[in-house]
Each structure stands twice: as structure tokens, then as C-alpha cells.
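Undergrad: okay, sequence plus prediction incoming.
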Amino acid sequence: MQSHESHAWLWWIPLLPLLGSAIAGALHLATLRARKSDPQTSAPGTLAPWIACAAMAGAFVLSVRGFLALRELEPAARALASTVHHWITIGNPQSPLFEVDLGLLLDPLSSTMTLVVTGVGLLIHIYASGYMKGDAGYAKFFAYLNLFVFAMLMLVLSSSLLGVFIGWEGVGLCSFLLIGFWYEKGWPAEAAQKAFVMNRIGDACFLIGSFLLVRLFGTLDMADVVQKIGSAQSFTSEQSLQMSLAALFLFGGCCGKSAQFPLFTWLPDAMAGPTPVSALIHAATMVTSGIYLIVRLNPLFAASGWVLYVIACVGALTALIGGSTALVQRDIKKVLAYSTVSQLGYMFLALGTGAWAAALFHVVTHAFFKALLFLGAGSVIHGMHEEQDMHKMGGLRKHMPQTFLTFVAGAAALSGLPLLSGFFSKDEILAHAFASGGLYYGLWAVGVITAALTAYYTWRMVALTFFGEERFDHHHVHPHESPIVMTAPLMVLAVLSIVGGALGLPAVLHAPHLLAEWLAPVTAPGNKILEAAHGSHHLSHAAEWILLGLGSAVALAFAHTGFHAYKNGTSQDEYFAGKRPSLAAYLGDAWTIDSGYAKVIVLPLRMLSFLIAVVIDQFAIDGLVNGAGSTARDIAEWSRKTVSGSLASYALWMGAGALVISALWMWS
Amino acid sequence: MELVLLTFLPLVGALLVLCTPRASEGLQRGIALATTLAVAVLGVKLFMGYGVPGGDATPYSFSVPWFSLPSAYAAPTAVHFSLGMDGVSLLMVALTAVLMPVVILSTWGHVEKRVKEFMVWMLVMQTGMLGTFLATDLVLFYFFWEVSLIPLYFLVGIWGGERRLYATIKFFLYTLAGSLLMMIAIIAILFDRGTSDLSALIAQLGDASTEKQLWYFAAFALAFGIKVPILPFHTWLPDAHTQAPTSGSVVLAGVLLKMGTYGLLRFCIQMLPDAAVVAAPWMMALGAIGILYGALLAWAQTDVKRLIACSSVSHLGYVVLGLFALTPAGLNGGMLQMVNHGISTGLLFLLVGMIYERRHSRALDAFGGVATVMPVFAMFWVFTVLSSVGLPGLNGFVGEYLILLGAFEASPLWSVIGLTGVIFGAVYLLMATRKMLFGACTNPENQHLSDINAREIGLMIPLVVLAVWLGVRPNDFMHKIEPSLATIHRSVADAKQARTAAVEPLAPVTEGVATR
Amino acid sequence: MSAILFYVLAVVALLGAAGVILAKSPMGSVISLLGTFFALAVIYLLAGFQFLAAAQILVYAGAILVLFLFVIMLLNLGAMGSRFELSFAPLQSGRARLAAAIAMALALIGLVAAQRASLKALAEPAADAPALDSLRGIALELFGRYSLPFQAVSVLLLATMVAVIVLAKRQRAGEHGSGEGAQ
Amino acid sequence: MNVPTEHLLYLSAGLFALGVLGFMVRRNVIVVLMCVELMLNAANLAFLAAGRQHALEGKDGLQGPIFAIFVITVAAAEAAVGLALIIALYRLKQSAETDAAAEMKG
Amino acid sequence: MNAQDLLKMFDGEALRALAPLMALTIGLLLVLLAGVFPLGRAVRSLLVVASLVVSGVLHANLLLGGKTPGTVLAGTFASTPTTAVWGVLFVLSTLFAWLYSVRYYEEDAPFKNEHDVLMLAAPIGMMLMAGARDLIVFFIGLELLSIPLYALAAFRRDRARSVEAGLKYFLLGAFAAGFFLYGSALVYSATGSLSLDMLSSESARAALATPMGLVGVALIAASVFFKVSVFPFHLWVPDVYEGAPTPVTALMATGTKAAGFAFLMSALVLLPVSTASTVALIAILTMAAGNFGALAQQDVKRMLAYSGIAHAGTLLLAVAGSIKDVPARDAAVQASLVYMAAYVATAAGAFGLLALLERDGSPTTLDSLKGLAQRRPYVAAALTLFMLSLGGIPATGGFLGKYLVFSVAVRSELTAFAIVGVLLSVVALGYYLRVIIAMYMQSPDANTVVGEPRPASGAATLASIVCAALVLATGVLPGWLLNLT
């Protein structure tokens, strides 16, 4: 057990956004009140972005402070902790049977996540203050956004699994609120509901995982769990099984939150929310929390053998589904959404190979470029008066040059063009998969295919949006560049997307893998277990060079193909749709998984629900209850009819009664 | 003496209200509110003073001889009018005390006729409920238990909806059928043991043969099961809730149903530990299936109030599941969930009542886009829904988590089935939320609804605060109930040990890898 | 000899009882009942109950039956001169058959009960033996042990008188109830 | 009279049963009342038979006749009330049938 | 025995035992005399109330004043604490009935004087029944109770229903009396005695166990069952209760039933243990007949009649219990005392309030009760209390009685019967609640006949208040009643 110094200031990292959220919420209420007298006003609400951004900035500064403080420490001792109170105590407070503390833990892993969350979050906040200007719920939006950041920070900073769960569900809630932000339209509300429910399925798995952990270790403190796994000599087969199950269920939770097969279908629908939301929640931060959790508990996963295969396979499959679906989408945000699904699949593929650092590396770079792309797309949509169909865009580079340039930078990074951030992180994952051998060769192949698809659809998107003829209606749409408050964050992110690869340069370049080294204290226990089980895999330099080369070639080739196919218009889409209509439809509907759910799961459940409500509950159970009542009334009515009012019949009853009693008693 | 004051203060208030002229409704409301507020202050004071370090754990008890029952077999059974309080009843009493002013305040909007009678019944009901929770004599318990039936009968029957007569008779007779069988069991216990003192019976009845205990258990569990309600006995609840006036629904959900779960804990578990151990798997199954069943049932409803009523079936399934897990976590969770359900569902009913007063409809289809015209209402609604679906940080979560955790120790299967309620709870409540609040506000009848006013907000605030408090600092409550629950758990654990000793030693679940 | 007389009287009593049921007119029933009463009185006498036999004749035949007759006349229910006719109509319905079955079963139970009592046959008491209900004995019992019921009967008869007045007294117009009870 | 007590009781049972039968089948209230008298007479006979038996066995045999005397008295009282009721009924319904008094039922 | 002995029999103890009866007799005679002189209503009322009160006080004195005389008058009559309580109950039920009758009849109704005489005669009969230690005394008591009631039931002789009630009650009562006498004759034949004390001796018990004894006992039981309205001897009850003037119904429902049970409890010695299950079964059937019968009624008076049947069934369960389990007999006696005490107050109050409503010109149907809570809030509240007490809801006397009766049943291991019994009392609540529903939760329709509230007589108000107070007092603080019994 590491001894943690108490660093109460850590609490300010999540609490600042919470405070910001509360103030912004109050501003929203004040706005509502003000609107009673002046329906058009947005007066107090306009303060909200300032508050929210200030809160974010503060959190970011504190995160940096935390990062610097950690840097001061010995690598093995890099942990700052603060436990405020015993949250849930079962049993005597002096000697509890089971206790959950509400504590924060800043270590290299959470520090990384915190920096990403607050940093990218700050940029997106700034962007949003421009993007959302004039919206009726301006202040509310920032309240939600800050609340989300609070939850996300709780998720990454909490020291106990249940604390993580607060954030875990909290981000789900904020995601729900923000997806349904424009609830008047109807379908965002449905998308929000779907997101929440799908997340809940994952959360339920998360809870089962946590129960198993309690059963195994009697604690939910993640450091304790890690330490107990690490220090254990061996496990009984039952314990191994329970650990594997715990890992599997926790991974189930991650599937929900990080949109993995089979629970990914909510993410594309989540694009109903405002674009900054998509950038922050559904690309940069929340969806990566699954990866965070697995890395955090890496020894558990490392020790549960076959679960890693499951994770890798699910990751690869999700990557393929996402990538292939993105090929045919016309909605620019849908392309990005499926791309996110696909990239998340990559990350899980990395986790499945035990490449904890690689996965997190991709989390970071992905946060940069995907946030950039989403914000860029938002800028486009903003400039196009809420048009999202790429078939109705084209040639926008002239109208919005800054957006165009930054977008291309993001696209290049996403498609893994050499030397950009995406290139390195993706390459590292593929290299790990290749190095693991065996089954992983197949998964590696899937990864390569997906990389090709990624390059293709990314440049298709760029081409359709910014190149070719202008397909929009010039009478109604006047594309224009977004204000500086929106483009400035784009530029920052573009720079990060380009240089972000420096965090994790491959070994062949003889540069330090900064991120891996930074994370080493966290990932070491898992790696130790994996090495003990499988030995260490290291690729030769030659093989690495070959893989690097292959990756560059694939990316360049398919980026080129995709760009050229769509550079001049949408004809390629029509051609494809005409030639292989069923495949196009299949891909367009994301392998029909979502509609399959509707048919195979939702509909039967709905029918079951009606069956229960009408047949079982009303007819059978309540029928019995009411039947008892009506039977009593029937008996009563019948007995009333037997009383004829005639004296003789009364006498007959009496005589019979006397007779029966006499006879019974005489022979008793 | 505090307890006597607490219990009978509402009755005094009721008598005062009776003395007012029929027309002076303001005075009647005022007296009722003042009385309940006074009770609330007393209740909170008791709660704060209870179990503080250095103090006696059970400082409050009161007992005077009430009457003696003749017995040809043993010495006359002296029935005492005895009230007492441990952590479990403390929590229930505090809930009742805090909820009632809210309920009274909520009647400003929807009780316009026969205010005097309404207030009288409300106050009588409070005495009945408090007495039920505080009675430490079997006969006295039964006394209060049945007395508390009558006020709700009137509340639903006079101030209820169109089918109120059906609902109220069904509720009354159904509950009565269960409790009469309990009366037979109480009689049998009294003759068996020659005392009606609860603590004596708790100490003694564990020695009774398991078969005998099971008979008693069956009778008690039936009575409580109907009240809770546990699965197959639940059909009175949606009817009663749907027809009851808002305040009646709140009390019903908030407190009256808790009398059932309280009884399960106090009598079925604490008093009859062997039977509880034997019956636990079945009760857990009923609880878990009830969670799922209630959720699916709620999903199919089109009347929002009925939907919430069905959700009660689901939520109380959690309580049953947790209590009968017979693990510390389960018991704690069950207790918390009782309070949580009172708060969350109480709030939901208040909210439904508020919108019903404005819109005069509860059909989900009649709404849509209400959030646009009633943003503050929508805010409270969403908050309450989140509390109800167990969002961490709010009250619902801690209870549900502990219940499922505790149940998982005892039986992973039922825990996992119960866990589906977590998912379906989100499904039906969010569906209702979406249909009511979201979407375009197209129905002209909805376009001019006025948002909730300061009084309505004010009466919800205490509950909202409690919801957050329970979510963030559950230990403030759990430490109060802990010693009592530990006692209960110890007796159950002993019974379990005795039963399983021959088969296999009980492996403590919390022992893990580290201690190996 | 007296035994034979008993059996003859028994048959007469039963026939009379049957006649009460079967007589077409109430008047016929009264006549039959009278026969039964007389037969029973003689049986009492034979069995040694002289006082009871006298009471039977005086009270039953003399008072009660006359009362019946009086009412029948008053209400014009049966002509005095009509012939004694039997009618089996009352026994024809399904309910009557059920009633007959019940009555027969009751009789059977009565018979069985009497039989199982295993009372042995008794010798005829000497002719000069005092009556079983000697007046002295009866008086002692009535005014001794049973003086309470004896006095209660007086209240009973008083109440009966009041009751009959309440029920049957014709009320003249303008007359109020008070003051009519003390007769 | 050398007749076994049993036989007296047989006669009593027969009379009682006939009284019961008549009560159940006849509709004329006066006849019904007569059937009651039959039942009372049957009881009286049984009392006397039993009293005779007990007296001959040397036990207290006077209770039977005493009861019989009370029965006769009460029978007279009942008859008077009964006939008064019949008159009251006849005044209202011009009938002395039990069917005239079968308005209430159920 | 000579005259000297005769005088000795009427010693001080006997006079103490008989004093309550004598008080009533004297009152009866005075009332009769008062009719001769134009003394007015007030004097007559005073006489009635005074004689009842004196009788009640004498009973209370017996109960509270230390030793009761015990068996007196050569073993024909007993005065024990139990009979003293019964006596108080009889006096109370008569008093309630009389109080409710004060302005019940039309102002110019005839025979008011006779009415009061008859009402005073009935409780004498009841007391004889309760104290009887000899079947002759019991029989005379039975008739002394019955004959006034026959007349009282038909008191409104200008109304067909009243006469019908009187006639039905009379004929079936006479029929039952026939059974009683024949049964007594068989018992006497089998045992050679009519005295209950003698009959409880060892040798007599053996003789009672012969077929003749058993049939005799069965026929006696049948006739008592008739009086207390037990299935299948209950059919007269609804018709008679409905047709009789309501105060008289109250007297029949409370006093007659109490007297029947008083005798039943003291005549338990006659019943062998083997008869317990039959009696328990009859009890259940009675409860079923009463409750289901009541459920079908629209007329509240008739419904209460059926409810009375059900209550007799409940109490019979205690009888069955004490037959089965001889040591439980004392408890059963107490249970029946408490049960009847509560029932007397409750039923007298309920019927009395109906009488009050009838005076308003309201029929006694459920329909006409609609909205009563608005028209006559106090009457509705009191009637609600009585309905809840009849339903055995706690805080009312009815609960205490029910509790004790089922206690006896459970203690005698008649638990299965007890369970069926309580389930049947759920049915009972089904109709009691309907009364409350009509009063509180429904409004009268256009075509409903409702009464015009008229000020209640002071007597009726007093009676209602006393009844309600008794019901509540026994329900909330049962100690005093339990100590008395």
C-alpha cells in the first residue's frame, strides 16, 4: 500500500467546473426569469461562457500544477492523493466490514487524462462560446458542459471504483443532457435516451464487475486491488475465474461507455447534440473512459488471460465496423462519429494486446485530432447554416480557409499520414498486435484494413466538403468563415495534432517514448504479469521499419484514392450505391446492427412489457384479485336468492338443521 | 415521553382541526401545517440526538401497562403501551416526520373541498404511521398497523379520481386480508410465549422450531408482502396510487409502503431469524423478479401516475431483495432504499400532481414539449428521475448499489436479475420524461401552462436537499442505523451458521486474495 | 288391558295428529287436534298422571282449542257445518316431500334415541298407588324449588296479556294508547 | 298400565315428527299453530314418560310433570299471542295464510 | 319441604340475586299503573329509566360489591360475576333500545305505555336465561323474553312488514321452543334431571353421552342456535329485523343474542367434547351465511341483520373452542362477554342511528345514505365508528372482541377455522365499507329519497354518545372491560 500525502487542493480540479456549472445554471434560471418580462433577452446568460471558461482554465492550471508536482517525484512514488471522507461504510465505523472512500488520486495516468480533459475541454469551451451564441439555452449549455467536465474529472481522478462510477454515470448523464439539448426537435431527445440506456447496459456490467471485485478483494480502492493482484503469489482456479469474470464485466461497462461492439450504436445517434458536445464528449473524452479504466486496472486484465483476447477481438471488430460504415455516410458528423467508433476499436485492440501505453497514446492523439475535426465540422456546419449533408457542400475551402486548413491537418492526422500524431499512435498499436503473434496476426490484418478505410473515408470527407463544385443553394446559404473565438481553438488543436506524435515516438527512431515512460509506474504491474505469462515480445528493428513503411504506404495510397474519387463531386457515391445497393445499404446502416436490435431485442421486450401489463398483470393477477371480489358478490347474490321469504322454507331449513345436528352428534 | 409526544402530537392537531368551524379552511390548513412542522422538528431533533458518541444507543422508550389478556395456560399476558426506538425505526420516523409537512403543503393546490376532514385524516394517519414504527409491543403494533389503514381509505375515497371507490375498497380489503392473518399469527405467538413484548420475543422466538417459525413467517410475510407490495400481491397499488390525490400518493409511497418493508425487517427477519434464513432465497427471488416485472409493467403504462406507481413495485423489489440477502450490505441498502424511495417517488408524485393540477390529464400522449413552457418543472422532474434511477451522487444510488452488492454475496443470480432493473428503470422513466417534457410543444393545451410557483418549489426543496445529502453523505444516516442492523444481522448470521454448520463452513465473503 | 287401551289411544293420537295436517279446513284440524288431546289425556291418566290429565283437558281442550275455534269463527275461515274432509294437497309439492323426509328422519332419530335408552318395561303400578303427580308433590315443587319460574310465569302471563292487547285490540278513532293497559 | 316407557317415547316421537311435518307443510297460520301445539304435547308426553320411569326407579320423578305444567301454561300464552297476531295479519291482508306474510325476503 | 323451608329459601342471598329482576318487575307494574292515571309521558319515562337504572346498579353492585350470592333457590338460579355482567349488558341494551324509541313512533301512536311495559318485561326474561341453572327456569325466561318481543316486533300493527315480522318471529320461535322442549324431555329422560349442576356431574355426563342424551342436547342446541341466529336457524333474522320497528330490532339484535349466548356459555357442560368440530363448522357456515348475505343487501337495516348473523357465527367459534378445550372455558366466557359488550354498544348505536334517520323520513337503503356526511356529519361519523367496530378494526371495541374470540379459537387449536373466519371478515368489511362510501364518498342522485334532517331527541343523542364512547373506550383502553369480566 502506497502512502499518499494528502493534497486537498486536488479537489479543486473537479470542483471548479462543478462550481462553474452551478453558477451557469443559476444564470440560466436568471435568464428564464428575465425572459418573463422580455422574451428575447439573453442577458444574464451571456456571462455563462466566461464563468465556464474560467472554471476550465482554473482546472487546467491545476492539472498542470499536478503534472509538474508529479514530475518532481521519483517515478515510483508519483502519486498524490486526497481522501475527503468515508463515503459508504458498512458495519461499525471503527472497524468497518466494507468501506468506500471518496478519494482523488493523481498519478501519471490520471494526470495525463486530466490534462487532456481540461486542456481539450478548455479549447472546446472557448469554441462553444462562439458556436452556441444566440441559443436560447446558452447558459444552460455551459452549465451542462462544465458539469460534464466535473464528472469526467471525477472519473479519471477517483481512487475507488465507485468514485469512478460517479463520474462514469455522471458523464453518461451529461451526455444525455447534451445530446438532448435541442429536445424540442424530438429526435435528439430520442437519441439522448438511447445513449443513456445503452450506457446503462454497460454500467450494469460495470456494477457486476465491481461486485466481483468486492467479493475477491473486499475493497473497491483501485490501488488496493492492483496491489493485491500484484502481490499475490497465485490464484485458485475459482479466483481466476472470478477475476476473469470481473474483468469481462468491467470491459462490458467499457463497451457501453466507449461505444464498442455490441453497444456502439448510440454514438452515431449522439451526433444530435451540438457539435462542441460531439467534439468534447463523443470524441475526445468520455468515450475514452473505457480505455482509461482498463489501463487503470491493467493487472486485473493482464491476469485474466482470455479476456484480453475478447477485448482485442471486440476492438478489431468495432474498428472494422466503424471504418466501413464511415465510408458511405453523407452526414459529415456521422462520418466522424463512425470514425470515432473505429478509432476506439483501435484503442481496445491495443489494450487487448497488453499495449496499455499505446492505447493511451492513441487516446491522446485522437483527442487532439478528432476534437479538431469535430470542431472543424462544426465550423463548417455553422458556416453552412446547420447543413450537415456533405453532398450539399463542396468547394468550401475558398469560403472558410482557416477551417479548411486546420481540418486538413486533422484529417491528415486521423488518416495516419506519416509523421503526424495519428501515424505514430496507430503504428504503435499495429506493431504491438503484430508482435503478439498467433491470433493477433489476424487482428493486425484487420487493423491494417481499417487504417486503409480510415484514410479513404477521411479524404473522401475532405474532398466532398472543401473541394469540387459548390453544391449548396446559393440563394439560401452563404458560407462564411467562423469568428476567431471558434477558429483559434482549431488552430491550437491543429498544431497539437501535427506535433502530438512526439509524445510516443517508436523505438526505431531511438527517441524516448515519453508517454510510455511517464505511464510506466501505472502499467508496470500489468506488464509484469503479462511477461510472466507470455514472455516479452519485441519486434526486430527491421520488422518495425517494414511495418512503419507499410503503414505509411497504406495511408498515403488510400488517402489519395479517397481524395481523388470525390475531388470532383459525389458521383462515386452514386456509382457505388447503384452498383452494390445492398452492400451500400448494409454499410450505411452500420451493418444493420442497430435496426437489428430494434427488431430482435427492443421489440420483443416491448411486447413482453405489454404482455405483462395486459395479460399477466391485468388479466391474470388482477383478474384473480377482482375475481375473488366478484366471486364473493356472486355467492352473495346466490345466497340472497335462496332466502325465499316463505315461512315454510325457513322451517324446512330449521328442521333439516336440527336433524343434521342430532344425527351428527348422535353418531359422533 | 418524547416518543409519546411525537406520536400523539398529530392526533392533538387533528382534534384541534376538528374544533374549527368548517368554513375556516385557512385555519385548518394552518393548524395541520403547524402540527406537522412541530412533529418534523421533534423528529429531526430525535434523529440528530440519536446515537451520538457518548450517548446511550436507545435513550428513548416509553412503556405503561395497557391491558392484560387472560390466558388459561400461562400467566396473564400483560400488553403494554410501549414505544421504543432503534436505528431502524428512527429512520422511518424521521422520514415520516419530514415528509408530512411537505404533503400538507402540497394540498394547497389540489384539495379544495372538505379541507377540514382532509387535514384530520392526514394527521390521524401520521399518528398511525408513527405508532406503527415505534410500537415495541406486538399487539400495539397491530393496533397502529390497522388504524393507519382507515385514513388512507378516506383520503382516496373522498378526494380521489374517477375510479376512487374501486381503488380504495381494493386497497383496504386487500391489505386487511393480509393483516388479519397476521393477527392470527400474533395470537398464536402470544399464547406460545406468554408475552407480547417485542424485545422479549426477539430474544426468545429464535428458539422456536423452524417449522413453527415458518408458519409465523408466512403469516407476517403475507401481511407485509401485500403492503409493500411484493410481486403477486401488488395489483392494488397502481389503482390506489392512480386514484389517490397527490398528497395521498405521496404518503402512500413515502411512508405507508415502508410499513411493510419495516415489518419485514423487524418481524420476519429480526424476530424469526431461522425462518428468514430458510425463506430468504424465495423472498430474494420475489424481490428480484418484482424489480424486473415492475419495470416492464411501468414501461407499458400510458398514464404517468400509474407508471410511477408501477415503478414503486420495482423499487420496493430492491428493498425486499436487499433485506433478504441478509448480508450487512443488503440490510443497509434496503434501509436506505426505503428512505430513498420515499423521497424520490414522493417527489415524482408531487410533480405529477403539479402538472395534473394545471393540465388535468395524466396521459403521456397528452403532453410533449412541456419543458419548453415549464422549464423549472422540467428541471425538478429530471432531477427526480435521476434520483429515482439511481444516479451516483444522488440518494438512489447508494441504496441500490448496496442492495445489489449484498444480494450478490448471497445469490449472484438474483442480484443480476435485479440489476436489469437499473437498465429498465432508465428505460421507462426516460421514456416518460421524453414523452412529457421533450419534443415540440404542439398541443395547444400545453402551450399556456404556467411554470411551478414558489410554494411548489419550496415544498420540494427539503426533499431535493435530502436526496443530495443521502447521495453524498449516506454515512450520516447509516451510522445511525448501523448498531441496530448489526444486531439484526448477528442473529440472522447465527441462525445461518447453525443451519449450514453441518453442511459447510460459512466463508466470509470479504476475505480475499490478500489474506490468503 | 290398559296396555291394549294405550296402544289404541296411541293410534288415535297419531291419527289425530295426521288429521291436523291433512284436514282440508282449519275446523277439521281443530277437531282432529281435539281427538289427539283427549287420547293423550287418557294416556296420562293410564300412566298415573291424574293432575296432568285434568290439566290437559281443562287447559288444552277447554281453553286453547276454544280460542282456536273462536278465532276461526271470527275470521270466517271455516264453516261450522262443513264436512270433515282430508286433503293430501299439502304433501304433494317437492318441498313437502323434503319436509316429509326430514320429519320421518326426525321420528326415526327419536325412535332410535328412545330405544337406545334401554329402558326396561315396567310393572303396572298397583291400582291404589298414589298418582305420580300427587297434588302435594306438585305443590311443593311449584312453591318450593320452582317458585322462581312459577312467579316468573305470572309476569309472563301479564306480559302476554299486554301483548295481546297491543296486537289485537281494536282502536277507536281519537283514542290514544295510554291508559288502556291496566285491565 | 304395563307399557314400556320406550313405547311412550315412540308415540311422543311420532307426534313430534307429525307436528314438525305439519309446521313445514301447512300454509294456514292457524293450522301451523296447531302443529306447534302438537309438538308441545309430544314433549309433554315425553316428560311424563320419563318422569314415570324415573319415579319407578326411585328417583325424582316430579320434574317431568312440573315441566309439563309449565309447558301447558306457556302453550296457552303462546296460543293467545299467536292468535292475536293472526288477527292482526288478517286485518291487514284479509288472509291467514303464511303466504300473506312473505313480503320480505332475500 | 314445608312452608318454613320455603321461606328459608328466600333468604338474603336469594333476594340479592333476584333484586335486579324485582326492580324491573316493580318498574313494569308501576308503568302499567301509571297508564291508569293521566300522569303524562315524563313520569312514565322516569319510571322506565329508573327501573332500568336501578336494575343495572343492582347488577353492578353484585359485580363490584364483593361476593356474589352464587347458586340460590334450590339450585335453580345463579348469580355470579358473569351473570352480573350479562345483566348489565341486558339493562344497557334495553336502555339503548328504549332511548332510541322515545320519539321513534309517530306522536299519536297508540299503546306507548304497553310498549314500555313489554320492553321492561324482556330483560327479566334475559336475566332468567342468563342465571338459569335449571332448564325450566331457562324455558320460562326464554318465553318471557320472546313473547314481549313477538308483540314488539309487530308493534306497528298497521304496517304489513311489522306484522309479518312479528308473525314470522313468533311462529318460528314457537317451532324452536318445540325443539327445545322435546330436547329437554329427552335429556330429562336420559339423565333424570333438569338441573344444569346435576347434569354436569360425572354420572349425568355419561348418561348425556348416550344417543338419547345427545339427541336431546342437539335439539336444545338447535333452539338456542335459533335464538342467537346461527346457520341454518338464522333465516328469520333478516326479515324480522327489517320488519320490526328499529329500536325493537336493536333490542333483539343485542339483548336476545346476549341472552342466548349467556345461556350457551353456562350450558356448555351439556355438550361433549366431540361436538366441538361440528360447532366450529356451524360457526364458519354462519359467518359465511351472514357475511355473504349482507354483501348482497341494499337495505342497511337488513344488512346489519345479516351482519348480526355473522357476529353470532364469530362468537360461536369461541363456544366451539371452549367445548373442545375445557380449560379455555373461562377465557371463552370472558371473550363472549367482551365481544357481546362491544357488540351491544355497537349494534345498538348502529340500529339506533338508523332509527334516527327513519324519523327524518329517510329509507334505510344505502342510496339514501349518500351524502349523509354533509347533511348530518355527526350521525355519519358515529355510524362510521360503528361500522368500523362491527368490522373489527382496532381502536374500536369490535376489534377487542374479535381478537379475544380468535384467541380462544387459536388456543383450542381451531386455527384453520380461525383463518377461514378472518378471511370471511374481509368479506364483512366489503359491506361495512359500502356504508361509509355512501355516506362520505357519494352524493345523492336526483331520484334518491333522502330524509329531511330533524333535530334528534335528547334521548337518542344521549344513547348515541354513550354507545360511541363505549365503543371507543373499549377499543382504546380495553383494560377496564377486561378487568370487569
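TA: Received, thanks. Given the structure is predicted, the values throughout are model-derived calculations rather than measurements.
Undergrad: what about the closest residue to chain C within the stretch 301-450 of chain A, how many neighbours?
TA: Proximity of the stretch 301-450 of chain A to chain C (C-beta to the nearest C-beta) peaks at residue A:310, 81.8 Å away. In this view, the C-beta of every residue, glycine as well, is placed from N, C-alpha and C. Counted with other C-beta atoms under 10 Å in any protein chain shown, the neighbours of residue A:310 add up to 18.
Undergrad: and it, how far from residue A:316?
TA: 11 Å (C-beta to C-beta, to the nearest Å).
Undergrad: what touches both of the two?
TA: Common neighbours of residue A:310 and residue A:316, using C-beta atoms under 8 Å, 6 or more residues apart in numbering or on different chains, are residue A:352.
Undergrad: so how far is stretch E:431-444 from its chain's centroid?
TA: On the basis of C-alpha atoms, centre = their mean, to the nearest Å, stretch E:431-444 sits 27 Å off its chain's mean C-alpha point.
Undergrad: repeat for stretch A:399-411
TA: 26 Å.
Undergrad: what comes up buried for that stretch?
TA: A:399-400, A:402-411 (16 or more other C-beta atoms under 10 Å in any protein chain shown).
Undergrad: now those in JSON lines, with pLDDT?
TA: Converted to JSON lines, those look like this (pLDDT from 0 to 100):
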{"residue": "A:399", "pLDDT": "86"}
{"residue": "A:400", "pLDDT": "88"}
{"residue": "A:402", "pLDDT": "89"}
{"residue": "A:403", "pLDDT": "90"}
{"residue": "A:404", "pLDDT": "91"}
{"residue": "A:405", "pLDDT": "91"}
{"residue": "A:406", "pLDDT": "92"}
{"residue": "A:407", "pLDDT": "92"}
{"residue": "A:408", "pLDDT": "92"}
{"residue": "A:409", "pLDDT": "92"}
{"residue": "A:410", "pLDDT": "92"}
{"residue": "A:411", "pLDDT": "92"}
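Undergrad: of the residues you listed, closest to residue B:297?
TA: Nearest to residue B:297 among those: residue A:410, at 48.8 Å, using C-beta to C-beta.
Undergrad: distance of the closest one relative to chain B?
TA: Going from residue A:410 to chain B by C-beta to the nearest C-beta, to the nearest Å gives 33 Å.
Undergrad: swap in residue A:98?
TA: Residue A:98 is 6 Å from chain B, where distance means C-beta to the nearest C-beta.
Undergrad: now that residue, what are its backbone angles?
TA: With angles defined as degrees, to the nearest 10, residue A:98 sits at phi -160, psi 140.
Undergrad: which helix runs longest in chain D?
TA: Within chain D, and with DSSP state H defining each element, the longest helix by residue count is helix D:63-93.
Undergrad: does any bit of the helix or strand harbouring residue C:156 sit next to chain D?
TA: If you go by DSSP states H and E, residue C:156 is part of helix C:147-168. Yes. Interface with chain D: helix C:147-168 contributes C:149, C:153, C:156-157, C:160, C:163-164, C:167-168 (C-beta under 8 Å from any C-beta of the partner chain).
Undergrad: elements contacting that helix?
TA: Applying 3 or more C-beta pairs under 8 Å, 6 or more residues apart in numbering or on different chains; DSSP states H and E, one finds that helix C:147-168 contacts helix D:63-93, helix E:12-34, helix E:112-131, helix E:135-153.
Undergrad: who touches residue E:104 in this structure?
TA: Residue E:104 neighbours (C-beta under 8 Å, 6+ apart): E:245-247, E:355, E:358-359.
Undergrad: ok, the closest residue to chain B within chain C - contacts?
TA: Residue of chain C nearest chain B, by C-beta to the nearest C-beta: residue C:148 (31.6 Å). Listed by C-beta under 8 Å, 6+ apart, the contact set of residue C:148 reads E:18, E:73, E:76-77, E:128, E:137.
Undergrad: let's see it at 10 Å
TA: Going by C-beta atoms under 10 Å, 6 or more residues apart in numbering or on different chains, residue C:148 touches E:9-10, E:14, E:17-18, E:21, E:72-74, E:76-77, E:128, E:131-132, E:134, E:136-137, E:140-141.
Undergrad: how near is the residue lying closest to residue A:52 once chain neighbours are set aside to chain E?
TA: Excluding its sequence neighbours, the residue lying closest to residue A:52 (C-beta to C-beta, 6 or more residues apart in numbering or on different chains) is residue A:142, at 3.9 Å. In this view, residue A:142 and chain E are 53 Å apart by C-beta to the nearest C-beta.
Undergrad: how many residues are close by residue A:142?
TA: Close neighbours of residue A:142, defined as other C-beta under 10 Å, add up to 31.
Undergrad: any idea which helix or strand comes after the helix or strand hosting it?
TA: Counting by DSSP H and E, the element that carries residue A:142 is helix A:138-157. With elements assigned by DSSP H and E, the helix or strand that comes after helix A:138-157 is helix A:161-179.
Undergrad: tilt between that following helix and helix A:138-157?
TA: Orientation of helix A:161-179 against helix A:138-157 (axes from the mean of the first three to the mean of the last three C-alpha atoms, to 10 degrees) gives an angle of 150 degrees.
Undergrad: any idea of the mean pLDDT in helix A:161-179?
TA: Averaged across helix A:161-179, the pLDDT comes to 91.
Undergrad: could you grab the helix/strand/coil label for residue A:135?
TA: Of the three states, residue A:135 takes coil under DSSP: H, G, I helix; E, B strand; the rest coil.
Undergrad: give me the pLDDT for it.
TA: pLDDT at residue A:135 comes out at 84.
Undergrad: who touches it in this structure?
TA: A:42, A:45, A:128, A:141, A:181-182, A:274.
Undergrad: so which of these would count as near chain B as well?
TA: residue A:182 (C-beta under 10 Å from any C-beta of the partner chain).
Undergrad: so residue B:168 is in contact with residue E:437, correct?
TA: Yes. Counting by C-beta atoms under 10 Å, residue B:168 touches residue E:437, with 7.9 Å between them.
Undergrad: between the two, what contacts are shared?
TA: Contacts common to residue B:168 and residue E:437, judged by C-beta under 10 Å, 6+ apart, are B:153-154, B:157-158.
Undergrad: okay, these in CSV with neighbour count, pLDDT and secondary structure next?
TA: Formatted as CSV, the shared contacts of residue B:168 and residue E:437 follow (neighbours: other C-beta atoms under 10 Å in any protein chain shown; pLDDT from 0 to 100; DSSP: H, G, I helix; E, B strand; the rest coil):
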residue, neighbour count, pLDDT, secondary structure
B:153, 26, 93, helix
B:154, 25, 93, helix
B:157, 24, 92, helix
B:158, 22, 91, helix
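Undergrad: centroid residue for chain B?
TA: residue B:258 (2.1 Å; C-alpha atoms, centre = their mean).
Undergrad: next, the nearest residue to that residue once chain neighbours are set aside: secondary structure please.
TA: In this structure, residue B:258 finds its nearest non-sequential neighbour in residue B:338, 4.9 Å apart by C-beta to C-beta, 6+ apart. The three-state assignment at residue B:338 reads helix, by three-state DSSP.
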